[in-house]
Every structure is written in structure tokens, then in C-alpha cells.
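Student: the following comprises the amino acid sequence and a computationally predicted model.
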Amino acid sequence: MAENPSNPGPTERPLHFIESLIEADNASQRWGLADDSGLPRVHTRFPPEPNGYLHIGHAKSICLNFGLAKKYSGRFNLRFDDTNPAKEEQEYVDSIKRDVKWLGGDFDDGPNAGGVFYASNYFDEMYEFAKELILKGKAYVCELSAEEVGKRRGSPTVPATSPYRDRPIEESMRLFREMKIGRFPNGSKTLRAKIDLASPNFNLRDPVMYRIVHESHHNTGDKWCLYPMYDWAHGLEDSLEGITHSICTLEFENHRPLYDWFMNSINEGRTPDGSGPWGRIVHHSQQIEFAKLQLTYTVLSKRNLLRMVNEKLVRGWDDPRMPTISAIRRRGFTSRAVRAFADEVGCTKTESVIDIGRLENAVRHDLNKHAPRTMSVLRPLKVTIENWPEGKTDELDFVVNPEDPSAGTRKVSFGREIYIEQEDFMETPPKKFFRLAPGQEVRLRWAYFITCTGVEKDAGGNIVAVRATYDPATRGGDAPVGPDGKPTKKVKGTIHWVGAHNAIEAEVRLFDRLFAAEAPGERTGKWEDDLNPNSLEVITAKLDPALASAAPGDTFQFERLGYFCVDPDAAAGKLVFNRTMTLKDAWAKEAGREANG
RNA sequence: UGGGGAUUGGUGUAACGGUAGCACGACUGACUCUGACUCAGUUAGUCUAGGUUCAAAUCCUAGAUCCCCAGCCA
């Protein structure tokens, strides 16, 4: 993760609203001082439910939460909010840990590590707190079925009802204990908070705190058949971990009154020194909501991503076309680029949709600085240099990364037969086409100037090969210098090439956006209708032989084409590359303009 | 027809009663052995209507539009 020291890093940007809030808290020492650093306490967390793979939207949250801990010398926890055994799996726990770590969220290592936690490890404490609420007359066991509760829910102006609301405390206590030891079937009873059945905020209409689920849990096994609901559990998790700023997305704004009600109810009757019947006051974190990330040309919901995987619309969770963290990692995005992107798009309460181009640019920007270059040809066209001797080769210097002088140079081998890109040749070129054409001279990068002398076609009239002559005075790609010290000739175009005598072949997977519409599903109501049929093209390319030793995950720029990385599918003797991202292409734009008049 | 939020160029995002700024995109141009990168310039905005004020994106009033909420999901 070492940044180039010559890179000044991200420029100063103004504080966003959460940072302002934290700085105000720090100034007033609202959360006290940390024992180790003596600095104002800042403790954040990322609390995923392990029921799916993390995606780029989660990345924004991870970068936000970890970034705040880092910025204010605080701590960052990874916490699995695993309160629903029916949906959660160990596979997801493992993938989430890997993805958070990859993004730089160092939850268990380094100065900001807070640790990894599981809501399910707090079930005993939560159970005790629940009994306290029953004792305080703030919770009761309800025997309405889910269906009946629905019917009795009321409307914005009509209150809800429950016939069990005023049952004696002792009775609720007895039933709650019996719920815990498995005496009742699923759905037969719940523990409900006694708040306000007439509240216009439905979350306060006596919400369920516990439901009975006879199902094995990935962490606690069969110890429990009683599972806490999100609203009840979440504030307690934050409290137990000493979280200062409990950051979540906008849809939880309506839940904040409930979050606070639970904490205030627990603290009712508690004292700072623990005197009195209920003990010491517990920590009450502040919930803060921000707008989650939305992207053009992208579907970002766990439910729909799961469908894409299950219905085999993609090859899996880590199909490089997916917006999951594991997919973009496989595709070759760097976590550095994702972090820069997350920082650039900011953090507000405005629900905005970010142009996917911003993410793509962040990746280009990062890889431009770091990716070694190669010359590789995706769609080969053979060129024979007629005035180059048969069998002779020439070893020429190639600059590994012009953006990074320390990367140095290496050799590339030139010969009588080479491959160039099909689209770098036109028999009848338009005006601003600076590449190879009959009678037209171009530079072969780092090699020689060549002039096209002829075209070979098959019976169908398709171009199958090209003939050319080279200028021996241009070795290395430099035009000869005249007596005045100036180049004697200039060419407008420089194209890449690879020697036919030593090129290696590899599978290359060309990805395009998974969706062809800016807002998938907007047109017909079904995002499936906007799937891009051309989101994957697999070709066999002619590569720079230096790539023969590349290992999975290695990233390169194929000059003039884009960034490519080795896919894990690669095996000994069988290279597979993913196209991470194309380069910007001003010529494509120009050519498109000409085509459209 | 209840409650909770939001609204500034094409897209994001600042400005917290005192010159509407920045980034991305787009468009020009410069540079270039990657039609890349980089650099310079241009473009374009305060949801609407009233009001307060010397002065309003900011304060007040009324309205408009969009998002969230009636899971024993999170």
C-alpha cells in the first residue's frame, strides 16, 4: 500500500457533515478520551449481515467508517450482524472478512484495529437486558401470529392493537424464559417493546424484540431458538463495543427514535456509579445516517445480485462484470482506486447517483501510475517487412512505465514478420486517420518507421496481411536528426506491435458494462431487460512474450488498449487475461463522429 | 389523506446572512514515441412563489418534486 512519495496524495477537501459532527464531539469531549492515546475517542464499525457478498456500495461505507477511525486516530470494528440464522452462512463471513481487509479496513491489525465481533456473541447479554425491560414494564410477550399482527397494525391514523399488551410482568417473564428453552414453536410468540401503538412512526408501534426461530446458527449452533431483531440488537452491539458514531444508511432514519428508546429504557433507573437497582449507565452511541452509493448502469442490491448468481446470468459472485468487491478485485481494480473513488464522491444525506465513469476513471488514474506497460495485440494483422532480412531479429529498448522512471527499460524483439492491431490499418483511410494505410508511414513504437507497400486479401476480399518497408535510419523509433539538430521527418501516428516470431497466445476476456441502460429496469420495470448482451467477449490475442511469467493478479497496461490483469483461471501454459478497463480513446470518438456525419 | 428525510451547472460536492467555488464530464487548444497521461482555457447552477434584510443558496411563509416507513429482514 506504499504510495509513491512524489505523489502528494489527495488534495485537501472540505469536511463532510459526519466529519464536522465528529470534530464538534471531539471539541466537547462528548465521548471522553481514549486510554491509550489520550485523544478524543472515535470508534466506528462496519456491521454487515453475512447473507451475501459485499459490493461497491458497501465499499463506500467501509471506507467511510475506517477512514474516520484513521483520520481521528480512533478504532474500527468489523461486526457481523448475525441475528437471523435463516439467511446467514459461514461462506459469507469469510468473503466479507477478505473483502474488508482488501479494501484497507484493518479491523484486526494496525493502529486503528478495533477487532472482529459477532452480534451472536452478545445474545446472553441481550437476553439479560430484555428481562430488565420486562421487569421495568417496557416489554411483554405477545401471542399474536405474524398474520394477526399485520391485520392489527392499523394505519397512519388508526392505532394498532394487541390483547397481550397489559399482561402481568411475571407472566411475560415466565413465558419469555420458556421461549428461550424451546417450549414453543416458531412464530407462536414474540417479545414486544411496549412503546406507542398509535405512533405515526410504525417502528414505535410495539416493535418485536425477539422471535422464535428453531434453526441452527452459523456461530452459535443450536444454543438459541430465540433471536433478537435488528432494532433491539443493534444499539446493544454498539453499546457493548463502545462505538461512538454508529453510521448507517438513510432508510434507518425512521429507526433512530427506536434505537434511542431502547437505550434510554435500559438506562432508565441506572446511575453513573452503579448505585441503585439497575446498575451502571450503559454507553449510548449516536446513530448517524448517510446516503448509500448508487451507480449508473449498475444494480446494487444483495437480493438482485443473488439472483444474477443463482440464475447464472453471470459466472458467479466474482464474475468480473459484477459490482461485488470480489469481482472488481478479480477484474483488476486496485483497492487504492476504490478508496480514492469513495473519497471523491463524498458523503451527504442527498440521494445521488454517481456516474459509473467516475469509478472507471479512478481505476484508470491509479493504474496509469502503477501498471507496467507491454505491447500486445488483441486482433492481430500480420505485417511483413519486405526489406528486413529473413531470420534476423533486433533487440530494442522498451520503457516499462513512462510514469515511473524507476521501472526502467527492457528489451523487445523485432523481426521480419510482426502483428499489429487490425484497427490500426485502413485501406482507404479517412482524413484524420494517422495510422497505417497504403503509402502512409507510421512509427512502430520503440522500433522503426514503416511505410505500407501493399495489401493481401483472401477470395472474399478481406484483408489478411499487409506488406511494408522499414526505414533503417529510424531504429529505436527516433527520426534521424538533420544538420540543424531537428528531426528530418515526422509521423503523426505511433502504433504498437508484437513480433510474430516470439509472440505468445493467451485468452483475453473483454468486459463491458453488465447493463446497457443507465438506470437498469427503468424502461420496463425489470432490470433483466437491460442486460447488455455484449458484456463479455472472449478472444485469443498475441501477447508480448514478457507476459509468459505473469501470475494471477498481476496488472499491466497493454499500450493503447487498456489495463489487463491475469485471471485466477490461468494455469501453467495457459494464460488468461481480464480487461480491467480500456484507455480513453479520442480516436474512437472522432471516428464515431465521422460515421454519424 | 400520517410520519421521517432530501433538493446548488450534465453529474457529484462546497459555501453555515457578505464575490456561488471545486472535482468529474463535455468542448477548445498545447504537449506527446501510448489519439493515453499531463497542462491551459471555455461551458454551465442555487426547485417555485412570496416575504425579512443594505445584503439571502443560507432566515421566514406557502407550495412543488423525489426518497424512506405498516417483515416475527437487516
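Tutor: That came through, no problem. Numbers count the residues shown, from 1 in each chain, chains lettered A, B, ... in the order given.
Student: quick check: phi and psi at the closest residue to RNA strand B within the stretch 451-597 of chain A.
Tutor: The nearest approach of the stretch 451-597 of chain A to RNA strand B comes at A:Gly477, 2.2 Å away (Cβ to the nearest atom of the strand). C-beta: built from backbone N, CA, C; applies to glycine. The phi/psi pair for A:Gly477 (degrees, to the nearest 10) reads phi 90, psi 0.
Student: residues of the stretch 1-150 of chain A that sit close to RNA strand B?
Tutor: Contact residues (Cβ under 7 Å from any atom of the strand) of the stretch 1-150 of chain A with RNA strand B: A:14-17, A:20, A:47, A:49, A:81, A:83-84, A:86-87, A:144-146, A:149-150.
Student: of the residues you listed, which belong to helices?
Tutor: Secondary structure from DSSP state H places A:Phe17, A:Ser20, A:Ala146, A:Val149, A:Gly150 of these in helices.
Student: picking that back up, number of nearby residues for the residue of the stretch 451-597 of chain A closest to RNA strand B?
Tutor: By the criterion of other Cβ atoms under 10 Å, A:Gly477 has 17 neighbours.
Student: ok, it - contacts?
Tutor: Contacts for A:Gly477 (Cβ atoms under 8 Å, 6 or more residues apart in numbering) come out as A:Leu396, A:Arg443, A:Leu444, A:Arg445, A:Trp446, A:Ala447, A:Tyr448, A:Phe449, A:Thr494.
Student: ok, back up a step: so which of the ones in helices among the residues of the stretch 1-150 of chain A next to RNA strand B wins on neighbours?
Tutor: Going by other Cβ under 10 Å, A:Val149 tops these with 18 neighbours.
Student: quick one, what contacts it?
Tutor: Going by Cβ under 8 Å, 6+ apart, the list of residues near A:Val149 reads A:Cys142, A:Ser162.
Student: what's the spacing between the spatially closest residue to A:Glu49 that is not a sequence neighbour and A:Pro50?
Tutor: Sequence neighbours aside, A:Asp81 is the residue nearest to A:Glu49 in space, at 4.9 Å (criterion: Cβ to Cβ, 6 or more residues apart in numbering). From A:Asp81 across to A:Pro50, the span is 8 Å (Cβ to Cβ, to the nearest Å).
Student: contacts for the least confident helix or strand in chain A by mean pLDDT next, please.
Tutor: Using mean pLDDT, DSSP states H and E, helix A:586-595 stands out as the lowest-scoring helix or strand of chain A, at a mean of 87. Helix A:586-595 is contacted by residues A:Pro430, A:Lys432 when judged by Cβ under 8 Å, 6+ apart.
Student: so is it next to RNA strand B?
Tutor: Yes: counting by Cβ under 7 Å from any atom of the strand, contacts between helix A:586-595 and RNA strand B involve A:Ala586, A:Trp587, A:Lys589, A:Glu590.
Student: burial count for the last one?
Tutor: Just to be clear, that refers to A:Glu590. A:Glu590: 14 surrounding residues under other Cβ under 10 Å.
Student: quick check: the residue nearest to A:Pro472 when sequence neighbours are not counted vs RNA strand B, distance?
Tutor: Counting by Cβ to Cβ, 6+ apart, A:Tyr448 is the residue found nearest to A:Pro472 once chain neighbours are left out, at 7.5 Å. To RNA strand B, A:Tyr448 is 9 Å away according to Cβ to the nearest atom of the strand, to the nearest Å.
Student: my read: A:Tyr448 touches A:Ala468, true?
Tutor: No: distance between A:Tyr448 and A:Ala468: 9.7 Å, which falls outside the contact criterion (Cβ atoms under 8 Å).
Student: measure the closest residue to A:Thr494 other than its chain neighbours to A:Leu378 for me?
Tutor: Distance criterion Cβ to Cβ, 6+ apart; nearest residue to A:Thr494, sequence neighbours excluded, is A:Arg443 at 4.3 Å. Distance of A:Arg443 to A:Leu378, given as Cβ to Cβ: 20 Å.
Student: swap in A:Asn534?
Tutor: 15 Å.
Student: for A:Ala517, what are phi and psi?
Tutor: Here the main-chain torsion angles of A:Ala517 (degrees, to the nearest 10) amount to phi -110, psi 140.
Student: what residue, apart from its backbone neighbours, is nearest it spatially?
Tutor: Looking at A:Ala517 with Cβ to Cβ, 6+ apart, the closest residue is A:Asp530, at 3.8 Å.
Student: how about the one you found, what does it touch?
Tutor: Each residue near A:Asp530 by Cβ under 8 Å, 6+ apart is listed here: A:Phe515, A:Ala516, A:Ala517, A:Pro520, A:Gly521, A:Glu522, A:Arg523, A:Thr524.
Student: quick one, what contacts A:Phe117?
Tutor: Counting by Cβ under 8 Å, 6+ apart, A:Phe117 touches A:Arg45, A:Asn77, A:Leu78, A:Arg79, A:Phe80, A:Glu237, A:Glu241.
Student: again with A:Lys97
Tutor: A:Lys97 sits next to A:Leu78, A:Val116 when contact means Cβ under 8 Å, 6+ apart.
Student: 7 Å instead, please
Tutor: A:Lys97 makes contacts with A:Leu78, as judged by Cβ atoms under 7 Å, 6 or more residues apart in numbering.
Student: where does it land in three-state SS?
Tutor: With DSSP: H, G, I helix; E, B strand; the rest coil as the basis, A:Lys97 sits in helix.
Student: RNA strand B contacts on the stretch 401-550 of chain A?
Tutor: Within the stretch 401-550 of chain A, the residues that sit near RNA strand B (Cβ under 7 Å from any atom of the strand) are A:401-403, A:432-435, A:443, A:445-446, A:476-478, A:493-496.
Student: all helices for the stretch 351-500 of chain A, in order.
Tutor: With DSSP state H, counting those that start in this stretch, the ranges of helices along the stretch 351-500 of chain A come out as A:356-370.
Student: re the thing from before, list buried residues within the residues of the stretch 1-150 of chain A next to RNA strand B.
Tutor: Buried members of these, scored by 16 or more other Cβ atoms under 10 Å, are A:Pro47, A:Glu49, A:Asp81, A:Thr83, A:Asn84, A:Leu144, A:Val149.
Student: follow-up on the earlier one: can you pick out the most distant pair from the residues of helix A:586-595 next to RNA strand B?
Tutor: Based on Cβ to Cβ, the longest span within those runs between A:Trp587 and A:Lys589 and measures 7.1 Å.
Student: of these two, who's got more company?
Tutor: A:Trp587 (14 against 9).
Student: wait, what's in contact with A:Lys392?
Tutor: By Cβ under 7 Å, 6+ apart, A:Lys392 lies in contact with A:Gly415, A:Arg416.
Student: A:Tyr448 and A:Ala468: who's more crowded?
Tutor: Neighbour count, other Cβ under 10 Å: between A:Tyr448 and A:Ala468, A:Ala468 has more, with 26 against 23.
Student: which positions in the stretch 201-350 of chain A make contact with RNA strand B?
Tutor: Going by Cβ under 7 Å from any atom of the strand, the residues of the stretch 201-350 of chain A near RNA strand B are A:201-203, A:207-208, A:211-213, A:227-231, A:250-255, A:291, A:344-350.
Student: 6 Å instead, please
Tutor: A:201-203, A:208, A:211, A:229-230, A:250-251, A:253-254, A:344-346, A:348-350 (Cβ under 6 Å from any atom of the strand).
Student: A:Ile420 and RNA strand B: what is the separation?
Tutor: From A:Ile420 across to RNA strand B, the span is 12 Å (Cβ to the nearest atom of the strand).
Student: residues in contact with the nearest residue to A:Tyr470 once chain neighbours are set aside?
Tutor: Of all residues not flanking A:Tyr470 in the chain, A:Tyr448 sits nearest, at 4.3 Å (Cβ to Cβ, 6+ apart). By Cβ under 7 Å, 6+ apart, the contact set of A:Tyr448 is A:Tyr470, A:Asp471, A:Thr474, A:Arg475.
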